[in-house]
Each structure stands twice: as C-alpha cells, then as structure tokens.
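S.K.: give me a 3D structure for the following:
(one chain, ligands or ions: 1)
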Amino acid sequence: MKKVLVTGGAGFIGSHVVDGYLQQGWKVVVVDNLSSGKKENLNEKAKFYQMDITDKRLNKIFAEERFNLVNHHAAQIDVRVSVKKPVFDAEVNILGTLNLLNNCVKHGVNNFIFISSGGVVYGEPTDLPVDEHYPKNPLSPYGVSKHTIEHYLHYYRKTYGLNYLSLRYANVYGARQDPYGEAGVIAIFTQQMLRGKRPKIFGDGEQLRDYIHVSEVVNVHLLASQKIESLNERKPSSPDDLAYNVGTGKGSSVNLLYQLLAEIIGFKVQPIYAPERKGEIRRIFLNTDKAKKELDWQPQLNLREGLGKTVGWFRENL
Ligand SMILES: NC(=O)c1ccc[n+]([C@@H]2O[C@H](COP(=O)([O-])OP(=O)(O)OC[C@H]3O[C@@H](n4cnc5c(N)ncnc54)[C@H](O)[C@@H]3O)[C@@H](O)[C@H]2O)c1
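M.R.: Numbers count the residues shown, from 1 in each chain. The predicted structure is shown next:
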C-alpha cells in the first residue's frame, strides 16, 4: 500500500484530497499547524501531526513514515496577508516548501505534487483562456512565492531526480470552504444569503474568474498521483512542462454567481455594490487542454450543479 503525506490536510481543499486518497486505498499522513485548518475536517483514518511545515522536526516524521509521495497543500493562502507581510508569506510558502523538498531528498521520497495558483501566477493576462506557457507576471508576494517554487521544483528535479507535478488551481469552491475569509466568494455569498444577510459585491461585478468544484480537484490529484512518474520521464525543459492548469476553461462573473446562488437559495434581495478593491485582477480563466490530454482529466459538473452541492452542504453545516 502506498503512503502519501498531505500537508494542509485539515484545510478546505487538502481535507477533500485526503478523503480521496483514503477511498483509493492509500495510507495518509497529514501535517497541518491548524492555523486555518480545522480538526473536524480531518479524516479519522489519516494519521495526524500538528506541526508547522517550517519546523525542523519534520525530519523525524519523514524518517519514521517513509512516504511514496508528498502532496503539498499547506500554505499562507491570503493575497492581502502576503502584501502586508511578504516576509511571513515567504517563510511559509518558500522556506516551508524548501524544508519539505530537502526532506524528500534526504529520505528518498521520489514524488512531489505542488499546489500552485493559476489565478495569480499569470498576473493580468490579455489572451484568454490562459495556457501554461503564458508569461508569468504575478502581482502579489503570494503569486511570486507560488511561481518561485515552480522554479525550485525544476531545479530539484534536475539536480536530485525528484519527480514533481505542479497543479495551478483556478478558484476552487465547495464544502468546508471558509465563509469568513477575504477570498472564497461562493462560500461568503452562500453563508450570507442563507442567513438572510445582503452580500456585498466589490466593483461592478463583471470581473471574471474560473470557478472549479472541489470534487473535480480531488479527481485531478488521484490521476496526477498515478501519472507523476511517467510524466516525469519526458525530461521537461522548463517549469511549465510539468505544470497543469486546473479549472473549467470558462470565465464567470460575480454577478452571475450572485444570480445563480440567489435562485438556488430563493434569496430575493439585490446585492450592495461597493467600490472595487485595488489591485484586483479583472479577468482570468484557464485553458485546461493540457490536463485533459495528459492527465485524462475532465471536469464533470457545470457551475449550477457545483453551486447546488455547495449550498446543500452549507445548509446542513452552518
Ligand atoms: N482555494 C482556492 O481557490 C485556491 C486557489 C489556488 C491555490 N490554492 C492553494 O491550495 C492550497 C489549499 O488552500 P485552501 O483553500 O484549502 O486553504 P486552507 O487555508 O483551507 O488550507 C491551508 C491549510 O494549510 C495549513 N497551514 C497553513 N500554514 C501552515 C504551516 N505553516 N504549516 C502547516 N500547515 C499550515 C492550514 O492550517 C490549512 O489547514 C494552498 O496551497 C493554496 O495556496 C487554493
């Protein structure tokens, strides 16, 4: 039986990925410092270490557990925090990841799946949907840290033979997403509408994003975990070669999300429009042909179906 370390496995997306691995018969170990993750998200069949990814004691966990694969979800995920505290962002997202990579090399772990962000590494693209080879011009320290790790991965692969895949997520939504944070507009609107509160839209609501349901993300990980070794045999020439956009290929406006959620929930009140936030990307959605072709992955749900599932979960769990 294969064993995977999922960092950030008590968080929104990581916890679903843990569930997916367990269903496929993997042994799963989670490392999470519970800074935003929650104990109730943790699958009880996974072994849990409450630890920071920057902690030197990670060495001991690697020595004892002998992983076949590391799936790295733990991160400082907030763009605004990264702007206010770029050093903290780099400590977690760059130095914490290097701590994991060095432990992989030291303890003979051959495979590493990294979670990058298709929403931030490209900056404000002009050609849409944006593909993996589009120039990377991140506009925040968070985006810089995600892109930086892709270069380190390329280096670790060349130098130490560490196989990797980098999954550049679009905007992921679904059960367990934090409705209190700054991001996660679907979780925020859903929670507010269910509680009868009037949601706020920043700007005109016509900004476009690519929204992908978390169940599709789990599927891409299970496929990526099977294919990581064969895809790494192809001798990549740049970090983009082993990077995959994970999205729907479609841009949806915040106004459309509002309308669909209001219909599903039966919420009759109009949104409050507030001034747009500075530095926000106007339009981004991802070309996912590469993941379809090379990972045999294809999203199954349309936006309305994904939103319906999400509302169902929030109704039961609020
Ligand atoms: N949610 C999205 O739409 C989205 C989009 C692109 C990329 N991502 C990436 O996906 C990953 C998961 O994000 P999420 O939305 O599930 O967020 P989340 O906050 O729910 O999950 C992050 C998890 O990492 C843990 N963590 C944070 N810092 C840590 C540290 N120093 N040591 C150990 N654990 C730590 C948190 O406690 C949490 O459980 C992140 O790498 C994020 O950058 C998310």
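S.K.: wait, residue 258 touches residue 205, no?
M.R.: Yes. Judged on CB atoms under 8 Å, residue 258 makes contact with residue 205 at a distance of 6.9 Å. Using the backbone N, CA and C atoms, a C-beta is placed for each residue, glycine as well.
S.K.: what is in contact with these two at once?
M.R.: residue 271 (CB atoms under 8 Å, 6 or more residues apart in numbering).
S.K.: which residues in the stretch 201-318 of the chain form strands?
M.R.: Along the stretch 201-318 of the chain, counting by DSSP state E, counting those that start in this stretch, strands occupy 208-209, 211-213, 243-246, 252-253, 272-274.
S.K.: ok, the residue of the stretch 201-318 of the chain found nearest the ligand - contacts?
M.R.: As assessed by CB to the nearest ligand atom, the ligand sits closest to residue 212 within the stretch 201-318 of the chain, at 8.1 Å. For residue 212, the contact set (CB under 8 Å, 6+ apart) comprises 169, 170, 171, 172, 173, 246, 247, 248, 299, 306.
S.K.: how about the residues of the stretch 101-250 of the chain by the ligand?
M.R.: With CB under 6 Å from any ligand atom as the criterion, the stretch 101-250 of the chain comes near the ligand at residues 115, 117, 119, 169, 171, 172.
S.K.: what is the most widely separated pair among those?
M.R.: The distance between the two most remote of those (CB to CB) is 13.4 Å, for 115 and 171.
S.K.: so between the two, which is more surrounded?
M.R.: Neighbour tally, residue 115 and residue 171, criterion other CB atoms under 10 Å: the higher count belongs to residue 115, 25 against 21.
S.K.: tell me the secondary structure at that one.
M.R.: strand (DSSP: H, G, I helix; E, B strand; the rest coil).
S.K.: from what I can see it touches residue 169, true?
M.R.: Yes. Between residue 115 and residue 169 there is a contact under CB under 8 Å: 6.4 Å.
S.K.: returning to what we had before: who has more neighbours, residue 258 and residue 205?
M.R.: residue 258 (20 against 16).
S.K.: can you give me the domain boundaries for this structure?
M.R.: When the chain is parsed with automatic domain parsing, its domains come out as 3-171+213-246, 172-210+248-317.
S.K.: for the ones you listed, which one ends up most surrounded?
M.R.: domain 3-171+213-246 (a mean of 19; mean count of other CB atoms under 10 Å).
S.K.: quick check: mean pLDDT across that domain?
M.R.: Domain 3-171+213-246 carries an average pLDDT of 97.
S.K.: span of that domain from start to end?
M.R.: 24 Å (CA to CA, to the nearest Å).
S.K.: and residue 154, what element?
M.R.: Residue 154 is part of helix 141-160, with elements assigned from DSSP states H and E.
S.K.: off-centre distance for that helix?
M.R.: 16 Å (CA atoms, centre = their mean, to the nearest Å).
S.K.: same question for stretch 236-252.
M.R.: Distance, centroid of stretch 236-252 to centroid of chain: 13 Å (CA atoms, centre = their mean).
S.K.: show the end-to-end separation of it, please.
M.R.: Termini of stretch 236-252 sit 33 Å apart (CA to CA).
S.K.: what of stretch 120-135?
M.R.: For stretch 120-135, the end-to-end distance is 12 Å (CA to CA).
S.K.: which residues does it contact?
M.R.: 79, 118, 136-140, 142-143, 146-147, 150, 168, 210, 240, 243-245, 247, 249-251, 281-290.
S.K.: hey, where'd the helices end up in this protein?
M.R.: 12-23, 58-65, 79-84, 86-90, 97-106, 141-160, 185-194, 214-232, 254-265, 289-295, 303-317 (DSSP state H).
S.K.: let me have the ones you listed in a markdown table, adding distance to residue 3 as columns.
M.R.: Output for the helices of the chain, formatted as a markdown table (distance: least, CB to CB, whole Å):
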| stretch | distance to residue 3 |
| --- | --- |
| helix 12-23 | 10 |
| helix 58-65 | 6 |
| helix 79-84 | 32 |
| helix 86-90 | 30 |
| helix 97-106 | 13 |
| helix 141-160 | 20 |
| helix 185-194 | 31 |
| helix 214-232 | 12 |
| helix 254-265 | 39 |
| helix 289-295 | 22 |
| helix 303-317 | 29 |
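S.K.: so which of those helices gets nearest residue 6?
M.R.: When these are compared (using CB to CB), the closest one is helix 12-23, at 5.1 Å.
S.K.: how about the closest one and the ligand, touching?
M.R.: Yes. Helix 12-23 reaches the ligand (CB under 6 Å from any ligand atom) through 12, 13, 14.
S.K.: all set, thanks.
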